[in-house]
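Colleague: okay, predicted coordinates and the sequence, questions at the end:
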Amino acid sequence: MTKKSFDLIIKNANELITVEGASKYPKIKKQMEEVGTIKNGAVAIKNGRIVAIGETKNLLANTKSVKKIIDAKNKIVMPGFVDCHTHLLFGGSRENEFTEKLKGSSYLEILKKGGGILNTVTATRKELEKPEKITNKTLKTLDRMMSYGTTTAEVKTGYGLNAEAELQMLNVIKKLNAIHPIDLIPTFLGAHIIPKEYINKRKEYINLLLEMLPKIKKLAKYCDVFCEKNAFTAKEAKQILQEAKQLGIKSKLHTNQFNDIGGIKIGIDLKATSLDHLDYVNEEHIKKISTSGTIAVLLPGVPFHLMNKHYAPAQKMIKAGIPIALATDFNPGSCPTLSMQMIIDLACRNMKITPNQAINATTINASHAIGMAQEIGSIEIGKKADIIILDIPNHKQLPYWFGINLIKTVIKNGKIT
């Protein structure tokens, strides 16, 4: 066998977690327990791609030369986290509302009084007057996100809520994509909530969103709608997502976060890539989603932060054959965390997800939820070298140590960040 030259080799991993074999279809049922562990594993990288995988002694024996070697002794190596649901572009913060929640106010009560999302809309519009300000702020956010092991993230608009601000947000995401290592997948969420200036002109705002869709289709991969009481009805969600679909924009849907108002049926009928939240679902919902091909993106950081203790029934979903993914839902109101490790901690403790299921849900299945599974989400030959090294000897310790950043090294597109 001809020996090969590489740019980078990671060797001696106590466990190399490949998560292989699910690039075409997401993992379901028993597959969620399969993480592809190679003891004393090694991975070789060239030109930003994974080119060889195996046991360290075998890989090194077939190496002619290498520019850099990382010794991962007593550590685990796995794919970078894929955060498939975030709202990371926003102005201001909402710590005052957190205090209100501690005193007993609910998320929807704060929203109904004109707080919540509407507060962030006001702050975001103001910061967008000087786009470089919000760009620089978000760059710092992305740096912190990467330090916790996230290498790809979906990013939603939804804090502009007028034509100018929503387009500005998409253009800021485009700029961030060009200057930061994390790959950003843009989603248009103009249907986040009815803005104050349209509160008595609901139909006019829906029409504005429909008029915006042709203008944003080159900037957004997905269109999303918050289908919930005090936000958008199922009928409105259907109208918006149908129009987006006709323009070639794929669908996502916030649904059943607090109430069931018919969003699941709309998402399934329109073949949405994902249904997100799903904290309030019943057996019939689970049955329908299980045969739909749609991914369930679960967000355990939200009920944790909102302190409502109502989590999505993850194990029932897995048993039914629903492909599940996990994400942060990073935003200033209902989940201000950038750590996918924290999300794994919460999912294991409050949804009874196992460590293996959590790893699959935050890597390969999450990459399916943003249409990127052919490129990322697992350590397989030909894929992008998006890899993280954690300072733990085995993957079962990932959710065991909570509130600690276990990341030792992040490698994005083959480069150490």
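Modeller: Happy to help now that I have it.
Colleague: check the burial of residue 204 by counting its neighbours.
Modeller: Counted with other Cβ atoms under 10 Å, the neighbours of residue 204 add up to 11. The C-beta positions use only the backbone N, C-alpha and C, and glycine is treated the same way.
Colleague: going forward, count from 20.
Modeller: Okay, residue one is now 20; in that scheme the one you just asked about reads as residue 223.
Colleague: give the helix, strand or coil label for it.
Modeller: Under the three-state scheme (DSSP: H, G, I helix; E, B strand; the rest coil), residue 223 adopts helix.
Colleague: and it, how far is that from residue 149?
Modeller: Distance from residue 223 to residue 149, counting by Cβ to Cβ, to the nearest Å: 29 Å.
Colleague: got it, and residue 285?
Modeller: In terms of Cβ to Cβ, residue 285 sits 38 Å off from residue 149.
Colleague: more neighbours: these two, which one.
Modeller: Ranked by neighbour count (other Cβ under 10 Å), residue 285 and residue 149 place residue 285 first, with 26 against 10.
Colleague: wait, what's in contact with that one?
Modeller: Neighbouring residues of residue 285 by Cβ atoms under 8 Å, 6 or more residues apart in numbering: 246, 253, 256, 257, 260, 272, 274.
Colleague: element containing it, please.
Modeller: Here residue 285 sits within helix 282-288, counting by DSSP states H and E.
Colleague: could you pull out the buried residues of that helix?
Modeller: Neighbour-count burial for helix 282-288 flags 282, 283, 285, 286, 287 (criterion: 16 or more other Cβ atoms under 10 Å).
Colleague: was I right to think the fourth one contacts residue 269?
Modeller: No: proximity of residue 286 to residue 269 does not meet the contact threshold set by Cβ atoms under 8 Å, at 11.6 Å.
Colleague: can you pull out the helices in the stretch 70-219 of the chain?
Modeller: In the stretch 70-219 of the chain, the segments counted as helices under DSSP state H, counting those that start in this stretch are 75-80, 114-121, 126-131, 136-147, 150-166, 182-198.
Colleague: among those helices, which is the most enclosed?
Modeller: helix 136-147 (a mean of 21; mean count of other Cβ atoms under 10 Å).
Colleague: that one packs against which elements?
Modeller: helix 150-166, helix 182-198 (3 or more Cβ pairs under 8 Å, 6 or more residues apart in numbering; DSSP states H and E).
Colleague: so it versus helix 114-121, what angle?
Modeller: Interaxial angle, helix 136-147 versus helix 114-121 (axes from the mean of the first three to the mean of the last three Cα atoms, to 10 degrees): 170 degrees.
Colleague: between helix 136-147 and helix 182-198, how many degrees?
Modeller: With the same axes, to 10 degrees applied, the angle from helix 136-147 to helix 182-198 works out at 70 degrees.
Colleague: pairing partners for the strand or helix carrying residue 271, with directions?
Modeller: For residue 271, the host element (DSSP H and E) is strand 269-274. Looking at strand 269-274 with DSSP bridges, its partner strands are strand 241-246 (parallel), strand 293-296 (parallel).
Colleague: could you dump the ones you listed to TSV with mean pLDDT?
Modeller: Converted to TSV, those look like this (pLDDT from 0 to 100):
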stretch	mean pLDDT
strand 241-246	98
strand 293-296	98
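Colleague: nearest to residue 61 among the ones you listed would be which one?
Modeller: Counting by Cβ to Cβ, residue 61 lies closest to strand 293-296 out of the strands paired with strand 269-274; the figure is 33.9 Å.
Colleague: after that closest one comes which helix or strand?
Modeller: Moving toward the C-terminus from strand 293-296, the next helix or strand (DSSP H and E) is helix 302-309.
Colleague: could I have the CA atoms of that next one written out in PDB?
Modeller: In PDB, the C-alpha atoms belonging to helix 302-309 read as follows (Å, rounded to 0.1, in the frame of the first residue of the first chain):
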ATOM      1  CA  GLU A 302     -49.700   9.900  21.000                       C
ATOM      2  CA  GLU A 303     -51.500  10.800  17.800                       C
ATOM      3  CA  HIS A 304     -49.100  13.600  17.100                       C
ATOM      4  CA  ILE A 305     -46.200  11.200  17.600                       C
ATOM      5  CA  LYS A 306     -47.700   8.600  15.300                       C
ATOM      6  CA  LYS A 307     -48.200  11.100  12.500                       C
ATOM      7  CA  ILE A 308     -44.700  12.500  12.800                       C
ATOM      8  CA  SER A 309     -43.100   9.100  12.800                       C
END
